[in-house]
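S.K.: sequence and predicted structure, then a few things I'm wondering about:
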Amino acid sequence: MQYLLKRYKNPDIYLLVGTDCLNDLHNWKNPQVIFDHATVIAGKRRGYNENPAQFKHVFLPGFFPKLSSSRVRAHILSCGDIPDTVPPQIADTIRKHKLYGLSIHAWLKAHLKPNRYLHSCKVAEMAAALSDIYDVNVETAVRAGILHDAGKGFSGPELVEFCRTHNIRVPFFDDICRQEPSLLHSFVSAWLAKHEFDTKDKNVLNAIAEHTLGSLHMSELSKILFVADISSKDRKYKDAFLIRNLAMQDLDKALLYAANRKLLFTIDSQKWLCPLGIDLWNHLIKQEKL
Ligand SMILES: [Fe+2]
Ligand SMILES: [Fe+2]
(Lines give C-alpha, C1' and ligand atoms only; values in the text may rest on other atoms or scores of the structure.)
(Ligands and ions follow the chains in the order given, each with its own letter.)
Protein backbone atom coordinates (compact mmCIF):
# COMPACT_ATOMS: atom_id res chain seq x y z
CA MET A 1 0.00 0.00 0.00
CA GLN A 2 2.75 2.40 0.98
CA TYR A 3 4.64 1.53 -2.21
CA LEU A 4 1.60 2.29 -4.37
CA LEU A 5 1.00 5.59 -2.59
CA LYS A 6 4.62 6.63 -3.17
CA ARG A 7 4.79 5.34 -6.74
CA TYR A 8 1.54 6.90 -8.08
CA LYS A 9 -0.10 10.24 -7.56
CA ASN A 10 -3.54 9.89 -5.92
CA PRO A 11 -4.02 6.30 -7.07
CA ASP A 12 -7.40 4.59 -6.98
CA ILE A 13 -6.62 1.49 -4.93
CA TYR A 14 -9.00 -1.42 -4.57
CA LEU A 15 -8.44 -4.37 -2.25
CA LEU A 16 -10.37 -7.43 -3.29
CA VAL A 17 -10.94 -9.98 -0.52
CA GLY A 18 -13.28 -12.86 0.28
CA THR A 19 -15.64 -12.81 3.25
CA ASP A 20 -13.21 -15.18 5.03
CA CYS A 21 -10.58 -12.44 4.89
CA LEU A 22 -12.95 -9.53 5.38
CA ASN A 23 -13.90 -10.66 8.88
CA ASP A 24 -10.23 -10.62 9.87
CA LEU A 25 -9.03 -7.53 8.02
CA HIS A 26 -9.04 -5.32 11.11
CA ASN A 27 -6.37 -7.66 12.59
CA TRP A 28 -3.94 -7.07 9.72
CA LYS A 29 -0.82 -4.97 10.28
CA ASN A 30 -1.70 -1.23 10.15
CA PRO A 31 -5.24 -1.83 8.86
CA GLN A 32 -6.11 1.86 9.08
CA VAL A 33 -3.72 2.56 6.17
CA ILE A 34 -5.84 0.25 4.04
CA PHE A 35 -9.13 1.73 5.20
CA ASP A 36 -7.88 5.30 4.61
CA HIS A 37 -6.53 4.78 1.11
CA ALA A 38 -8.28 1.82 -0.50
CA THR A 39 -11.78 0.74 -1.32
CA VAL A 40 -12.33 -2.72 0.11
CA ILE A 41 -14.34 -4.91 -2.24
CA ALA A 42 -15.58 -8.13 -0.73
CA GLY A 43 -16.61 -11.26 -2.58
CA LYS A 44 -18.95 -13.56 -0.70
CA ARG A 45 -17.71 -17.07 -0.03
CA ARG A 46 -20.09 -19.89 0.72
CA GLY A 47 -19.73 -21.14 4.29
CA TYR A 48 -18.58 -17.79 5.71
CA ASN A 49 -20.86 -15.43 7.60
CA GLU A 50 -21.07 -11.86 6.50
CA ASN A 51 -20.16 -10.30 9.83
CA PRO A 52 -20.74 -6.55 9.80
CA ALA A 53 -17.24 -5.12 9.16
CA GLN A 54 -16.24 -2.00 11.06
CA PHE A 55 -14.99 -0.24 7.95
CA LYS A 56 -16.39 0.78 4.58
CA HIS A 57 -16.58 -1.96 2.03
CA VAL A 58 -18.61 -2.97 -0.99
CA PHE A 59 -19.94 -6.46 -1.69
CA LEU A 60 -19.71 -7.95 -5.15
CA PRO A 61 -22.90 -9.54 -6.43
CA GLY A 62 -23.07 -13.33 -6.32
CA PHE A 63 -20.47 -15.63 -4.75
CA PHE A 64 -16.75 -16.18 -5.23
CA PRO A 65 -15.91 -19.47 -6.96
CA LYS A 66 -14.38 -22.14 -4.67
CA LEU A 67 -10.88 -20.73 -5.08
CA SER A 68 -8.52 -19.01 -2.71
CA SER A 69 -4.95 -17.81 -2.92
CA SER A 70 -3.95 -20.03 0.02
CA ARG A 71 -5.37 -23.08 -1.82
CA VAL A 72 -3.47 -22.13 -4.98
CA ARG A 73 -0.23 -21.67 -3.00
CA ALA A 74 -0.78 -24.98 -1.19
CA HIS A 75 -1.38 -26.71 -4.54
CA ILE A 76 1.86 -25.34 -6.02
CA LEU A 77 3.81 -26.25 -2.88
CA SER A 78 2.41 -29.77 -2.75
CA CYS A 79 3.04 -30.84 -6.33
CA GLY A 80 5.26 -28.20 -7.96
CA ASP A 81 2.60 -27.57 -10.59
CA ILE A 82 0.74 -24.35 -11.23
CA PRO A 83 -3.03 -24.90 -11.58
CA ASP A 84 -4.87 -23.68 -14.70
CA THR A 85 -6.79 -21.19 -12.57
CA VAL A 86 -3.66 -19.02 -12.41
CA PRO A 87 -3.48 -16.61 -15.38
CA PRO A 88 -0.57 -17.46 -17.76
CA GLN A 89 1.39 -14.24 -17.12
CA ILE A 90 1.28 -14.78 -13.37
CA ALA A 91 2.19 -18.44 -13.82
CA ASP A 92 5.23 -17.36 -15.87
CA THR A 93 6.34 -14.99 -13.11
CA ILE A 94 5.90 -17.72 -10.49
CA ARG A 95 8.00 -20.11 -12.63
CA LYS A 96 10.64 -17.52 -13.44
CA HIS A 97 11.23 -16.60 -9.79
CA LYS A 98 10.54 -20.11 -8.45
CA LEU A 99 7.92 -18.76 -6.06
CA TYR A 100 5.55 -20.53 -3.67
CA GLY A 101 7.79 -23.53 -3.16
CA LEU A 102 8.98 -24.14 -6.73
CA SER A 103 12.54 -23.65 -5.46
CA ILE A 104 11.87 -26.39 -2.87
CA HIS A 105 10.75 -28.73 -5.65
CA ALA A 106 13.87 -27.96 -7.70
CA TRP A 107 16.03 -28.77 -4.64
CA LEU A 108 14.17 -31.98 -3.82
CA LYS A 109 14.38 -33.19 -7.43
CA ALA A 110 18.13 -32.58 -7.35
CA HIS A 111 18.72 -34.29 -3.98
CA LEU A 112 16.20 -37.15 -3.79
CA LYS A 113 15.60 -40.21 -5.91
CA PRO A 114 12.52 -39.87 -8.16
CA ASN A 115 10.39 -42.26 -6.07
CA ARG A 116 11.30 -40.39 -2.87
CA TYR A 117 10.40 -37.08 -4.51
CA LEU A 118 7.06 -38.53 -5.64
CA HIS A 119 6.48 -39.83 -2.09
CA SER A 120 7.10 -36.32 -0.69
CA CYS A 121 4.49 -34.88 -3.08
CA LYS A 122 1.97 -37.59 -2.16
CA VAL A 123 2.51 -37.04 1.57
CA ALA A 124 1.98 -33.29 1.05
CA GLU A 125 -1.21 -34.04 -0.89
CA MET A 126 -2.55 -36.28 1.85
CA ALA A 127 -1.53 -33.82 4.58
CA ALA A 128 -3.56 -31.18 2.71
CA ALA A 129 -6.62 -33.44 2.58
CA LEU A 130 -6.36 -34.20 6.32
CA SER A 131 -5.77 -30.55 7.21
CA ASP A 132 -9.24 -29.78 5.83
CA ILE A 133 -10.85 -32.38 8.05
CA TYR A 134 -8.94 -31.54 11.25
CA ASP A 135 -8.93 -27.78 10.87
CA VAL A 136 -5.18 -27.33 10.43
CA ASN A 137 -3.77 -24.58 8.21
CA VAL A 138 -3.38 -26.14 4.78
CA GLU A 139 -0.15 -24.31 3.91
CA THR A 140 1.61 -25.51 7.06
CA ALA A 141 0.40 -29.08 6.46
CA VAL A 142 1.67 -29.04 2.87
CA ARG A 143 4.98 -27.50 3.91
CA ALA A 144 5.54 -30.20 6.52
CA GLY A 145 4.57 -32.85 3.97
CA ILE A 146 6.77 -31.73 1.12
CA LEU A 147 9.85 -31.22 3.33
CA HIS A 148 9.48 -34.19 5.69
CA ASP A 149 12.01 -36.40 3.85
CA ALA A 150 14.35 -33.67 2.57
CA GLY A 151 17.23 -35.38 4.39
CA LYS A 152 16.42 -38.82 3.01
CA GLY A 153 19.03 -38.49 0.25
CA PHE A 154 21.87 -38.83 2.78
CA SER A 155 23.42 -42.19 3.61
CA GLY A 156 23.57 -43.38 7.24
CA PRO A 157 27.15 -42.18 7.84
CA GLU A 158 26.35 -38.85 6.14
CA LEU A 159 23.34 -38.35 8.44
CA VAL A 160 25.51 -39.02 11.49
CA GLU A 161 28.15 -36.60 10.25
CA PHE A 162 25.52 -33.97 9.40
CA CYS A 163 24.01 -34.15 12.91
CA ARG A 164 27.45 -33.84 14.48
CA THR A 165 28.52 -30.94 12.26
CA HIS A 166 25.35 -28.95 12.86
CA ASN A 167 24.89 -29.91 16.51
CA ILE A 168 21.45 -31.35 15.91
CA ARG A 169 20.09 -32.67 19.19
CA VAL A 170 18.57 -36.13 18.85
CA PRO A 171 17.35 -38.28 21.76
CA PHE A 172 19.22 -41.62 22.01
CA PHE A 173 21.68 -40.25 19.45
CA ASP A 174 24.50 -42.71 20.17
CA ASP A 175 22.17 -45.72 20.06
CA ILE A 176 20.56 -44.51 16.84
CA CYS A 177 23.99 -43.93 15.24
CA ARG A 178 25.04 -47.45 16.14
CA GLN A 179 21.79 -49.28 15.40
CA GLU A 180 19.76 -47.43 12.76
CA PRO A 181 21.26 -44.15 11.53
CA SER A 182 18.60 -43.80 8.82
CA LEU A 183 16.24 -42.73 11.66
CA LEU A 184 18.21 -39.49 11.83
CA HIS A 185 16.74 -38.34 8.52
CA SER A 186 13.67 -36.80 10.18
CA PHE A 187 15.85 -34.58 12.42
CA VAL A 188 18.08 -33.65 9.48
CA SER A 189 14.98 -32.87 7.39
CA ALA A 190 13.72 -30.53 10.13
CA TRP A 191 17.13 -28.81 10.16
CA LEU A 192 17.01 -28.42 6.37
CA ALA A 193 13.44 -27.09 6.54
CA LYS A 194 14.62 -24.42 8.95
CA HIS A 195 18.00 -23.46 7.55
CA GLU A 196 17.80 -24.31 3.85
CA PHE A 197 14.15 -23.39 3.27
CA ASP A 198 13.64 -20.72 5.92
CA THR A 199 10.74 -22.45 7.68
CA LYS A 200 10.07 -20.54 10.90
CA ASP A 201 6.91 -22.27 12.10
CA LYS A 202 7.96 -24.46 15.05
CA ASN A 203 4.87 -26.58 14.59
CA VAL A 204 6.05 -27.51 11.10
CA LEU A 205 9.62 -28.17 12.26
CA ASN A 206 8.42 -30.36 15.16
CA ALA A 207 6.10 -32.31 12.88
CA ILE A 208 8.98 -33.04 10.49
CA ALA A 209 11.33 -34.06 13.32
CA GLU A 210 8.63 -36.34 14.78
CA HIS A 211 7.38 -37.96 11.59
CA THR A 212 9.39 -41.19 12.01
CA LEU A 213 9.36 -41.87 15.75
CA GLY A 214 6.60 -39.60 17.04
CA SER A 215 6.66 -37.96 20.47
CA LEU A 216 4.55 -37.76 23.60
CA HIS A 217 3.30 -34.29 22.72
CA MET A 218 2.24 -34.52 19.12
CA SER A 219 0.23 -31.62 17.70
CA GLU A 220 -2.59 -32.24 15.22
CA LEU A 221 -0.10 -31.36 12.47
CA SER A 222 2.42 -33.91 13.80
CA LYS A 223 -0.26 -36.60 13.86
CA ILE A 224 -1.34 -35.70 10.33
CA LEU A 225 2.22 -35.96 9.01
CA PHE A 226 2.96 -39.22 10.84
CA VAL A 227 -0.17 -40.82 9.43
CA ALA A 228 0.18 -39.28 5.94
CA ASP A 229 3.76 -40.54 5.72
CA ILE A 230 2.78 -44.14 6.33
CA SER A 231 -0.39 -44.15 4.22
CA SER A 232 0.13 -41.71 1.33
CA LYS A 233 -1.17 -42.85 -2.06
CA ASP A 234 2.26 -44.02 -3.24
CA ARG A 235 2.41 -46.57 -0.37
CA LYS A 236 1.46 -49.93 -1.80
CA TYR A 237 1.54 -52.27 1.22
CA LYS A 238 -1.86 -53.65 2.17
CA ASP A 239 -2.58 -51.62 5.31
CA ALA A 240 -1.85 -48.26 3.69
CA PHE A 241 -5.36 -48.05 2.23
CA LEU A 242 -6.90 -48.99 5.59
CA ILE A 243 -4.91 -46.36 7.52
CA ARG A 244 -5.72 -43.75 4.86
CA ASN A 245 -9.45 -44.37 5.22
CA LEU A 246 -9.25 -44.49 9.01
CA ALA A 247 -7.38 -41.16 9.00
CA MET A 248 -10.31 -39.50 7.24
CA GLN A 249 -12.62 -40.53 10.11
CA ASP A 250 -10.50 -40.60 13.28
CA LEU A 251 -6.98 -39.20 13.35
CA ASP A 252 -6.08 -40.62 16.78
CA LYS A 253 -7.18 -44.13 15.84
CA ALA A 254 -5.22 -43.86 12.59
CA LEU A 255 -2.16 -42.73 14.56
CA LEU A 256 -2.45 -45.70 16.91
CA TYR A 257 -2.78 -48.06 13.97
CA ALA A 258 0.12 -46.43 12.12
CA ALA A 259 2.37 -46.70 15.21
CA ASN A 260 1.38 -50.34 15.55
CA ARG A 261 2.22 -51.10 11.90
CA LYS A 262 5.54 -49.33 12.20
CA LEU A 263 6.57 -51.28 15.32
CA LEU A 264 5.50 -54.62 13.86
CA PHE A 265 7.29 -53.87 10.60
CA THR A 266 10.48 -53.07 12.53
CA ILE A 267 10.21 -56.27 14.54
CA ASP A 268 9.44 -58.36 11.44
CA SER A 269 12.49 -56.87 9.74
CA GLN A 270 14.59 -57.88 12.75
CA LYS A 271 15.65 -54.29 13.27
CA TRP A 272 16.35 -52.34 16.44
CA LEU A 273 13.37 -50.66 18.14
CA CYS A 274 14.14 -47.09 19.12
CA PRO A 275 12.89 -46.31 22.67
CA LEU A 276 11.09 -43.25 21.25
CA GLY A 277 8.86 -45.50 19.14
CA ILE A 278 8.12 -47.72 22.15
CA ASP A 279 7.33 -44.67 24.30
CA LEU A 280 4.92 -43.44 21.64
CA TRP A 281 3.14 -46.77 21.56
CA ASN A 282 2.77 -46.95 25.36
CA HIS A 283 1.57 -43.35 25.45
CA LEU A 284 -1.07 -43.94 22.75
CA ILE A 285 -2.31 -47.12 24.38
CA LYS A 286 -2.66 -45.33 27.72
CA GLN A 287 -4.65 -42.53 26.01
CA GLU A 288 -6.84 -45.10 24.28
CA LYS A 289 -7.77 -46.66 27.61
CA LEU A 290 -8.60 -43.39 29.35
FE1 LIG B 1 10.74 -40.21 6.52
FE1 LIG C 1 8.32 -40.29 4.19
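M.R.: In hand now; what should we look at? Ligands and ions are numbered 1, 2, ... in the order given.
S.K.: what's around Lys194, how many residues?
M.R.: Neighbourhood size, Lys194 [other Cβ atoms under 10 Å]: 18. Any C-beta I mention is one placed from the backbone N, CA and C, and that applies to glycine too.
S.K.: quick one: contacts for it?
M.R.: Shown in contact with Lys194 (Cβ atoms under 8 Å, 6 or more residues apart in numbering): 200, 205.
S.K.: quick one: it and Asp24, what's the gap?
M.R.: According to Cβ to Cβ, to the nearest Å, Lys194 stands 28 Å off from Asp24.
S.K.: assign the nearest residue to Ala141 once chain neighbours are set aside to helix, strand or coil.
M.R.: Counting by Cβ to Cβ, 6 or more residues apart in numbering, Ala141 lies nearest to Ser131, which is 3.7 Å off, once chain neighbours are set aside. Secondary structure assignment for Ser131 (DSSP: H, G, I helix; E, B strand; the rest coil): helix.
S.K.: break this protein down into its structural domains.
M.R.: 2-66, 110-289 (automatic domain parsing).
S.K.: and the next helix or strand past the helix or strand bottoming out on mean pLDDT in the chain?
M.R.: Every helix and strand of the chain was ranked by mean pLDDT, DSSP states H and E. The lowest is helix 19-22, at a mean of 82. Beyond helix 19-22 on the C-terminal side, the first helix or strand identified by DSSP states H and E is helix 31-37.
S.K.: buried ones in the helix or strand following that next one, by neighbour count?
M.R.: Next helix or strand after helix 31-37 toward the C-terminus (DSSP H and E): strand 38-44. By neighbour count with 16 or more other Cβ atoms under 10 Å, strand 38-44 contains the buried residues 38, 40, 42-44.
S.K.: what do you get for stretch 186-199?
M.R.: For stretch 186-199, burial by neighbour count (16+ other Cβ under 10 Å) applies to 186-194, 196-197, 199.
S.K.: work out the gap between that stretch and the centre of the chain.
M.R.: 13 Å (Cα atoms, centre = their mean, to the nearest Å).
S.K.: report how many residues lie close to Gly153.
M.R.: Taking other Cβ under 10 Å as the criterion, the count of residues near Gly153 is 17.
S.K.: pLDDT score for it?
M.R.: For Gly153, the pLDDT comes out at 97.
S.K.: burial measure for the residue lying closest to it once chain neighbours are set aside, as a count.
M.R.: Leaving aside its sequence neighbours, Gly153 sits nearest to His111 (Cβ to Cβ, 6+ apart; 4.5 Å). The number of residues packed near His111 is 16, by other Cβ under 10 Å.
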